[in-house]
Every structure is written in C-alpha cells, then in structure tokens.
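Student: Following is a predicted model, sequence given first.
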Amino acid sequence: MDDGELLFLGAARQADLVRSGKVTARALTEAALRRTERLDPRLGAFRAVLAGPALAEADARDAAGEGDLPLLGVPVAVKDELDVAGEVTTFGGAAHRVPAARDSEAVRRLRAAGAVIIGKTAMPEYGQWPFTESAAHGYARNPWDTARTTGGSSGGSAAAVAAGLAGAALGGDGGGSLRIPAACCGLFALKPQRGRVSTAPHPHLWYALGTIGPLTRSVLDSALLYDVLGGPAPGDRWAARPAPTSFVRAASTEPGRLRIGWSATPAVPGVRPHPEHVAALRRTVTALRELGHDVREVDPRYPDTTAAFLPQFCGGVRAEARTADRPELLERRTRQTLRLARLVPEAAVERAVRAGERMAVRANRVFDRADLLLTPTLARRPRRVGALDGAGLAGAMLRSLPMIAYTALWNVTGNPAASLPAGFGTDGLPLAVQLVGRQHDEATLFQVCAQLEAARPWTHRIPGLAL
C-alpha cells in the first residue's frame, strides 16, 4: 500500500491497520510526515510540524503494544488554539511566545486513545474569521484549488485532512469554524452540543459560542473521535447531557423514518445563497426522501442573534488576547476588535449569554415539527485567498457574513450541527449541506449523516497537483 492510499483511509481504518500489525505507528507517521514535507509548502496547513516528537511518540506506541486503543498510531493534527505540551499556542498570530506547560484536555484524551500528534495547524488570529489568513503565517490554501480559501477558522486542520496529511484534525467552532472549512474542503464536521467536549484548561471557548471537535474524512471517523473526546472535566462552565449510546454505535444504526425540515433561508438578513448551494440542498432533500424520511420545507423563523453573538465574540477575543506575551505584535484588525471590546464590559457579555439562552428557545421551536433541520452550510462559494487583504474590522465582518449565514446561529443556541459533502460545483470545489439536530442529540445526526454517506458516497481523492 503506497503512502497516498494509506493516508486517505481515514482515522478508523488507519487504527485498524496498526492494531492488526499490518502497519506500524512509525510507518504511518513517517508516511504522513513525508507527504506533509512534499505538499504543505503549497498548502500552508501547518503552523508547526512536530516531526521529532511525533516519531518518538509513534515508536513508543509500537513498543508498548497498546492493541486495544481506538486511535492507535493515527496521525492527528491540532489547531493552534489548543495547547500541546512544549509548543507555543500562537492562536494564529505572533504575540504569543511561551510554550505550553501541558496538553489541553482534548489533546490529552487523543494521546490516551493512542493518537500521534504530528503538528499544529494554521488559523486566523484568535479564530475571528471564516478565512484562514494571518499576518504572521500567511494563507492556508484549499487542496482542491490552491487559489481558493479553506474557509476558517479551522482551515489549516481542514487542509491537512483533505490533502491526506493527517488521519484527522482537531479544530474549534465559535461561529461555524468546523463546518465552514469542512464545506470548503469536502470533509465531514459536526459541531457538538455545547459542553460535549471539555475546553480545559479554559472554562469556556468564547463563552457560550465555542466548541472543540474534529474534522474527518468520514462520519464514522468523526463518531470515533467524539467517543474519545466527549465528557466534561473539572472547571468546565458547560456540560452536555451524557450521550445515550456511543457515537460509533449511533453511526452504525438505522434511524428509522424521521421528520426532516428543510430551508434555504439564511439566518442573516440580506444574504442570498448561491444557486448551486440551493441545488445541492434540493438534491439532498430527494436523497432523504428516497431513504424513507418525511422531508418538508419549513419556515424556521430564525431570531436575530446579533445581540447575543457579537458581545461574546468580543469578550472571547479579549480573554484570549489578555494572555499575549507581546501584545504590540497583535494584528491591526485584532487591535480594532479589542477597541470594540472595551465597549462591552464583562457584565454585558454575561447578559449576552443569557440572551442567547432566550433566543435558543425560539430557534428550537422548529423542532416541534421536525426531528432535524436541513440547510446549506455556506451562502457563497469559497473565495480566492486574500479575502481579508486590506480589510479592517468592519470590512472583514461584511466579507464574513455569507460564510456564517447558516452556521453562527447554532453556536448561539448550542445545538449540534453537521456539515457533510453534497457533490461538486461547476468550479470543481466541493458543495455541502448542513443538518442541525435538537439540543444534545448528536446521535440522530450521526445516524442520518452515515445513512446519506452510504447512499451517496463522497469523493476524497483530489485530482491534480499530485495531491
């Protein structure tokens, strides 16, 4: 089996090969590092490649004979807002210089499950934008077309998985930052219920908005990662209700006939969806009906969540920027965000959290008449790289709106929501749709997403550029 074939198998199958002794953890890690050395100069997926530590970790896996670990030997990349012991957590910028003393809880759980941490991935500074571009580290480029954006803010993680540089990658989602890059790069990503994955050592990630989760090649890979990552830790501000079953089991179980509402209406006024995104949505409606579901158009009557989202955005960026060692090196746009944040005292942020809880009650009324909600993931096609060039805070926000028009609402409400591939546009880039579940109900999302994946398998191999 050549490197390309091995690296496009995904996390679950890679771990199976290592557990069976058909491939060693070292051989798998070496293959990922060779591919990264060859391709990442064109992609910019990684901020730092941890070749030496990763090989040492792989050797330790092989020597220990840990045959029952679910992620044994799988190369996993980590977004650069999560601590990896001995490495600087840069948050996508140049203002942080001190290495982390220990792993974040999510990274610790990955290692405990047998994963090999191979690098830290690119992101915009403090994850503020749905484009992975920063003054310090440049652009992350879409493996399907390197002139196009990966989306963001977990765009480096998405590029790494899409190009076969990692079996899976961790990211974060505070307004769509897992689902948006998944949609741009042809991957699966599920934003979990708020509190499903621990944010330790921090009590929260952007207050009620942020969650941590994986970008993967398949629904099963995502379920496997969430079985590893799920559960609270001491100090977490939020904790999801315990899942009724393992997510791997859910992804392997037929859901039965469900009521699924669909809508092409964005949650952001004034944004119009691209016609190809609406067409992909309608094709998915047809596929779900063919699978036996009752699928009907609905009017979600979305609330305007600006008053809940914006203060938490400002407060979240402020909290992370306070840890900077060299604040004078923050980007111009970040300094503008922090000036805006001065107008939002902590009490106003807490009021925004409570306002979001009230808005969640209204938004979740759609589930009185549907088990799931189907929408596009994005309103527009992935832009050319350089989307943030020359833009100040206001300009960057305006350019971001079509990217977050379907996703950010569900960060305010806390609901789980998944982006899954839905074919390709005329530009050759992936299309995607979003499925949103009731609060705490990732299991039904995994069931239906796995059902769609089996009925209409998505393509992972990227043509051209030797990718």
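Tutor: Thanks, I have the structure now.

Student: Helices along the stretch 1-150 of the chain, start to end?
Tutor: Shown for the stretch 1-150 of the chain, the helices assigned by DSSP state H, counting those that start in this stretch span residues 3-7, 11-20, 25-43, 51-64, 105-112.

Student: Ok, which of the ones you listed comes nearest E297?
Tutor: helix 11-20 (35.3 Å; C-beta to C-beta). C-beta here means a position set from N, CA and C on the backbone, and glycine is covered the same way.

Student: would JSON lines of the helices of the stretch 1-150 of the chain with mean pLDDT be doable?
Tutor: Output for these, formatted as JSON lines (pLDDT from 0 to 100):
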{"stretch": "helix 3-7", "mean pLDDT": "87"}
{"stretch": "helix 11-20", "mean pLDDT": "97"}
{"stretch": "helix 25-43", "mean pLDDT": "98"}
{"stretch": "helix 51-64", "mean pLDDT": "97"}
{"stretch": "helix 105-112", "mean pLDDT": "98"}
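
Student: Which among those is found nearest to G390?
Tutor: helix 25-43 (23.3 Å).

Student: hmm, who's touching that closest one?
Tutor: 3-4, 6-7, 14, 17-18, 45-46, 49, 51, 54-55, 57-59, 61-62, 72-75, 116, 118-119, 140-141, 143, 146, 159-160, 163-167, 465-467 (C-beta atoms under 8 Å, 6 or more residues apart in numbering).

Student: List only those of those flagged as buried.
Tutor: Buried members of these, scored by 16 or more other C-beta atoms under 10 Å, are 3, 6-7, 14, 17-18, 45-46, 49, 51, 54-55, 57-58, 61-62, 72-75, 116, 118-119, 140-141, 143, 146, 159-160, 163-167, 467.

Student: And the pLDDT at the residue nearest to the spatial centre of the chain?
Tutor: The chain has L178 as the residue nearest its centroid, 1.9 Å off, counting by C-alpha atoms, centre = their mean. On pLDDT, L178 comes in at 98.

Student: so what's it up against?
Tutor: By C-beta under 8 Å, 6+ apart, the neighbours of L178 are S154, G171, G172, A189, L190, K191, T211, G213, P214, L215, S419.

Student: Could you rerun that using 7 Å?
Tutor: Applying C-beta atoms under 7 Å, 6 or more residues apart in numbering to L178 gives the contacts S154, G171, A189, K191, G213, L215.

Student: With A147 instead?
Tutor: A147 neighbours (C-beta under 7 Å, 6+ apart): R384, V385.

Student: quick one: the residue of the chain positioned farthest from its centre from G167, how far?
Tutor: Here the centre of the chain is the reference, and by C-alpha atoms, centre = their mean the most remote residue is A63, at 32.4 Å. Remark: distance between A63 and G167 (C-beta to C-beta, to the nearest Å) = 20 Å.

Student: Which residue is the nearest non-sequential neighbour of D389?
Tutor: Excluding the flanking residues, the one nearest D389 by C-beta to C-beta, 6 or more residues apart in numbering is E133, at 7.8 Å.

Student: you'd agree that neighbour is up against P124?
Tutor: Yes. With contact defined as C-beta atoms under 7 Å, E133 reaches P124; the gap is 5.8 Å.

Student: So which residues of the stretch 251-400 of the chain form helices?
Tutor: 275-290, 306-321, 332-341, 346-363, 393-404.

Student: Rebuild the ones you listed as a markdown table, extending it with mean neighbour count.
Tutor: Shown next, in a markdown table, are the helices of the stretch 251-400 of the chain (neighbours: other C-beta atoms under 10 Å):
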| stretch | mean neighbour count |
| --- | --- |
| helix 275-290 | 17 |
| helix 306-321 | 22 |
| helix 332-341 | 18 |
| helix 346-363 | 17 |
| helix 393-404 | 19 |
